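**Q** This is a predicted model, with the sequence first.
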Protein chains: 2
Amino acid sequence: MSYDRLDELGKRLEAIEHAQAMLGVDEAVNMPVGGGEKRAEAMSVLAGLYHEMATAPQVVDWIAAAEAEPLDEMQQAAMREFRRVHTNMTCLTPDFVRRQIAARVRSEQLWREVRPGGDWQSFLPAFEGVVATAREEASLRAAALGLEPYDAMMEQYDPGNRAADITPVFAELKAFLKDFAPEALAHQEDKLARRPLKPFNAPFPIERQKALGLAMMEAIGFDFDHGRLDVSHHPFCGGVPSDVRMTTRYTTTEFLSSLMGILHETGHGLYEQNLPAAWSHWPLGKARGMAIHESQSLFVEQQMARSPEFWEWAMPHVREHLGDEALAGWEVEDILAHVHRIERGLIRVDADETTYPLHVILRYEIEKDLIEGKLAPRDVPEAWDAAMREYLGLSTIDTPRDGPLQDVHWPSGAFGYFPSYTLGAMTAAQQWAALERAHPDVRQHMRDGRFVILNDWRREHIWSQGSRWSTPELLERATGEKLDARHFTAHLRRRYLA
Amino acid sequence: MSYDRLDELGKRLEAIEHAQAMLGVDEAVNMPVGGGEKRAEAMSVLAGLYHEMATAPQVVDWIAAAEAEPLDEMQQAAMREFRRVHTNMTCLTPDFVRRQIAARVRSEQLWREVRPGGDWQSFLPAFEGVVATAREEASLRAAALGLEPYDAMMEQYDPGNRAADITPVFAELKAFLKDFAPEALAHQEDKLARRPLKPFNAPFPIERQKALGLAMMEAIGFDFDHGRLDVSHHPFCGGVPSDVRMTTRYTTTEFLSSLMGILHETGHGLYEQNLPAAWSHWPLGKARGMAIHESQSLFVEQQMARSPEFWEWAMPHVREHLGDEALAGWEVEDILAHVHRIERGLIRVDADETTYPLHVILRYEIEKDLIEGKLAPRDVPEAWDAAMREYLGLSTIDTPRDGPLQDVHWPSGAFGYFPSYTLGAMTAAQQWAALERAHPDVRQHMRDGRFVILNDWRREHIWSQGSRWSTPELLERATGEKLDARHFTAHLRRRYLA
């Protein structure tokens, strides 16, 4: 059977992915600097081998033949997803890929050079090159997939996401946040006037922070037989489902940034650990995409770990691990004041949950226009500044470093990725709402440190589903409704105006 | 040019080796237990890919064509070694390899089961199977290489080593050690009567031991830009030349076992780090073999790090890292009494340098007879016991667990490997003697903590040579003479009868 050939191929591809994932983790966590050159060579050979194997001429014949074989429902779903991935992987010509890599390398290198000085004009020619190849990529993908160009770019990250569905939802969210953000800031000022922010009683020894982080991971369901926690400069969740490697970084001046980072990555880790293991060598068995993955990390970070109920449970554990004196005089409200701290700023990665979506929507609008040819690369700084002034009342026209030069995504050629962040935040809120409808006592469970029903719900509705459904289908099946901004806006209102 | 095709193939093989090496390190150092199954699958796929690529039908044609191309001297050496490795890799039929793996897996599994109880009779059928396939392997290798069967087995580990050369040297060493071992023991008793062994002032915190180990590694030349030290259950030196991963393990009751282990592995690590980098993707650029590798670890451990001069330098550093009180009242002689401690025993891995060779020679004699069909597997316990009684005055006839069941080598099908250990110890002594002839003040250098001339000598004569010469050629070029037991026996006499 051709299906069995694909099954066999999947096992070989899974082994290469395993090596790539673990070498990537090692590079970030352990590798001494001098190991980098040979590591890069090894990674490049593995990527080439993977591509050769996955796109070998006979594979497309196997797919066609397997689709005609008698398959059960899951096998049919596996074939659909295999074909989708194969089409996405083969729709660019080798010649185009070579030109694109050259444009991306040039652009990303130049970006690293000019960014500190904010020299947009020097960057512009490379940026024009990378936008030109991105437009070409979008049109090649669009032709192969029968989609609009920008949709074809998003399809790589969140299959099924369409601008026609997202744009109105983002418009609603934007309209809400433009008014809500200043309101929440004013509300915060009032609260802090009544109850000033408590300073941290530093230092917090790293060993204690680590023990606390491990205890929290375990409590919310991370399986240490199939994963571990390490340290790296940029925290991430990597590895493979059977061996999830999470990282964090520590500072001794406070403990919340590492702890919240750990909880965020644990959300990713739980998703990976609970994917359907029997399908791990098929695209079907993989996580659905970037937006859903981010929804799992934000479910833990924003929905659970910034809630008062979570901290009612967590506070004694924090005291136990960091020592009573570290939190002398602190109440749950004092922790919440820190984890709910909001601030208007220019930088996306520093933004809080009330303004982060505005940063993303700004990028979504600009990159969509770039791909569709409605905006020229040279006009990006003005478009960026206009949107920043409208959405957040801040100007970046004189500081491109804090404007369009701040993110690596575009310089490295990634267009269509930004929406995933905010779609993740919104669908996390929507999942929480569905969970709370099913289990109205879920907040009491959290208060008691009982996370079983929270995990069971996500395991059933999200984790175990792998890539069986498109992103919007998965959301609708899990929550009973299409993407709806009101769950996220209600969540923000409850948290930041109460 | 076909030579260039092989150069390109070498780069691809190097990438797979890189992945295999690093996944192996990760497995021993970091991997949670639940990650093992998928890791084993990934390793098996990588091994299969490697074999496919290295033995593809066109490779043998490229070799023949390249050998006829105009090549410089190093390229010719590279081709010689490439062909040698290729012949060794392809001289077994796929059908035989499958049967052999089955016999080895059965034998090794059974060995793990029966070893604790020492049940030789239950093990015997599997052992007979593994010896039968080893004999078959030896005859296949012998035919392909034009060597005697046992020589063909050793050829995998130490190219150029021949039983006809080794047997007389081992005979001389055995004759020496049978008398020397009891003499050295008596001498030790006298010394300890005059100056009793000082007990360790435990505990020795692991962090301090680690800092001491790192400082020693750095002092003797380990490059931390291209390597690191971790912890694993069985210490090893792995990774790749550009990124050498060493491990040790710590106990808090004393500090010498981890430190001496670190120094031993650093010897391996220095060899790897100083191989000719330009040839890293050719067999030519790899370490020469097991005996030479072991000679590099034993050069550091036995020649350097058990010498009085080394400890004159090291003692203050030990005090600095472990704290004065940890070594209160200790002099260099007290450390030396510990690192020179000798004891007669049944177990090879616990043996000291005065008796270890006897354990090895015993195995060499038995495994050679097994491969040559002069000894039946069922007669091994009697042969073992007879030799143990003759060489060390100990009997194992009633405790096969401490006799032929003690090592994993034979159960896993590795015949021809054991001599490497003692050849390593002997050639380390021979290298030291050559170095001391070239630099009569080398002991003073060590006393001052100056290791440059020690490393320069090994870099020039051993490390930079990669696999350019056969094992005996390399030794002769480096030391100016063939393998000669008298350097090792003189070393033992000086150390243990002084």
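**A** All right, it came through fine. On a predicted model such as this, the values are computed, not experimentally measured, just so you know. Numbers count the residues shown, from 1 in each chain, chains lettered A, B, ... in the order given.
**Q** list the contacts for A:D7?
**A** A:D7 is in contact with A:H281, A:W282, counting by CB atoms under 8 Å, 6 or more residues apart in numbering or on different chains. Bear in mind the C-beta positions are built from the backbone N, C-alpha and C, glycine included.
**Q** neighbours of the closest residue to chain B within the stretch 251-400 of chain A, just the number please.
**A** Residue of the stretch 251-400 of chain A nearest chain B, by CB to the nearest CB: A:S280 (7.4 Å). Applying other CB atoms under 10 Å in any protein chain shown, we find 21 residues neighbouring A:S280.
**Q** and the gap between it and B:G117?
**A** 38 Å (CB to CB, to the nearest Å).
**Q** Likewise for A:A144?
**A** A:A144 is 64 Å from B:G117, where distance means CB to CB.
**Q** For the stretch 51-200 of chain A, which segments are assigned as strands?
**A** Secondary structure of the stretch 51-200 of chain A (DSSP state E, counting those that start in this stretch): no strands present.
**Q** Next, the contact list for the closest residue to chain B within it, please.
**A** Relative to chain B, the nearest point of the stretch 51-200 of chain A is A:M53 (9.1 Å; CB to the nearest CB). Remark: with contacts taken as CB under 8 Å, 6+ apart, A:M53 is in contact with A:L9, A:R12, A:L13, A:I16.
**Q** average pLDDT for stretch A:230-238?
**A** The pLDDT scores in stretch A:230-238 average 96.
**Q** Report the buried residues of it.
**A** Under the neighbour-count criterion of 16 or more other CB atoms under 10 Å in any protein chain shown, stretch A:230-238 has A:D230, A:S232, A:P235, A:F236, A:C237, A:G238 buried.
**Q** which one of those residues is nearest chain B?
**A** A:D230 (7.8 Å).
**Q** quick one: the closest one and B:Y250, what's the gap?
**A** A:D230 is 20 Å from B:Y250, by CB to CB.
**Q** before we move on, what about A:K482?
**A** 57 Å.
**Q** Which one of the two is surrounded by more residues?
**A** Between A:K482 and B:Y250, B:Y250 has the larger neighbour count (other CB under 10 Å), namely 21 against 12.
**Q** In contact with the residue of the stretch 151-300 of chain A at minimum distance from chain B, which residues?
**A** Proximity of the stretch 151-300 of chain A to chain B (CB to the nearest CB) peaks at A:D243, 3.0 Å away. By CB under 8 Å, 6+ apart, A:D243 lies in contact with A:M22, A:H226, A:G227, B:M31, B:P32, B:G34, B:G35, B:K38, B:R39.
**Q** ok, back up a step: can you tell me which of the contacts of A:M53 are also in contact with chain B?
**A** A:R12, A:I16 (CB under 8 Å from any CB of the partner chain).
**Q** what's the most distant pair in the contacts of A:M53?
**A** A:L9 and A:I16 (10.9 Å; CB to CB).
**Q** Give me the more crowded residue out of the two.
**A** The residue with more neighbours, out of A:L9 and A:I16, is A:I16; 22 against 19, by other CB under 10 Å.
**Q** host element of that one?
**A** Secondary structure from DSSP states H and E places A:I16 in helix A:2-29.
**Q** Tell me the buried residues in that helix?
**A** A:2-3, A:5-6, A:9-29.
**Q** now it: mean pLDDT?
**A** In this model, helix A:2-29 has an average pLDDT of 97.
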